[in-house]
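Trainee: Dropping the sequence and predicted coords here.
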Amino acid sequence: MAKVIYVAADLSNLYHCIRKTFGGAKLDFGKLLGWIGDHGEIIEAVAYGSQVKNEAQRFIHCLHKLGWNTKYKRTRTYESSKRKANWDVGISMDIVRMIESSEVNTVVLCSADGDFKELVEYCTLHEVETIILACGISGDLKATATTVIEIPESLLENKDELTESTNTE
């Protein structure tokens, strides 16, 4: 059976796990989507993020041009200065709805967050393959997911390509 894929990317988690693993490197979201698309038909790819004001608008525009849908919310301030915009429940609900309403048989979850363990168990219960694609993936996800893939360097932005495109524009 051909893979029908739903992709959910937790942008904050990806940013922090890639930064921790690869230093200042950034994920190339075009390469990521292309790589996933080589493994089946992507019916939807959603990037979940946050912003304080409107600072992410340019990035959101770039994601749309690459074929991503985006869901953003404002961060909340707590403990006087810490900010957080947690998408765990939103991502989980979107995946549950997608499984219940379509022919999705594969979920690619781009997050290392162990809080998604119950979501992965739900997918398994509904015979949906779950692929975790991130860096520093939690033991809970490794134990429950169908497939676990540490993001390879080939999916990172190439600094030489960025320099060339900046110089030619």
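Mentor: The structure has been received and is ready for your questions.
Trainee: check contacts around Ser154.
Mentor: For Ser154, the contacting residues are Lys31, by C-beta atoms under 8 Å, 6 or more residues apart in numbering. Where you see a C-beta, it was placed from the backbone N, CA and C, and this is true even at glycine.
Trainee: repeat that for 10 Å
Mentor: Applying C-beta atoms under 10 Å, 6 or more residues apart in numbering to Ser154 gives the contacts 28, 31, 35.
Trainee: just checking, Asn13 touches Ile132?
Mentor: No: the criterion here is C-beta atoms under 10 Å, and Asn13 misses it with Ile132 at 11.0 Å.
Trainee: Can you check which residues contact both of the two?
Mentor: 109-113, 116.
Trainee: List the ones among those that fall in helices.
Mentor: Among the shared contacts of Asn13 and Ile132, no member falls in helices (DSSP state H).
Trainee: Include distance to Trp68, neighbour count and pLDDT when you put those into CSV, please.
Mentor: Shown next, in CSV, are these (distance: C-beta to C-beta, whole Å; neighbours: other C-beta atoms under 10 Å; pLDDT from 0 to 100):
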residue, distance to Trp68, neighbour count, pLDDT
Leu109, 15, 26, 98
Cys110, 11, 26, 98
Ser111, 15, 26, 97
Ala112, 19, 26, 96
Asp113, 19, 23, 95
Phe116, 19, 27, 97
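Trainee: What's the mean pLDDT across the helix or strand hosting Lys65?
Mentor: If you go by DSSP states H and E, Lys65 is part of helix 57-66. Per-region confidence: helix 57-66 scores 93 on mean pLDDT.
Trainee: what separates it from the chain centre, distance-wise?
Mentor: 15 Å (C-alpha atoms, centre = their mean, to the nearest Å).
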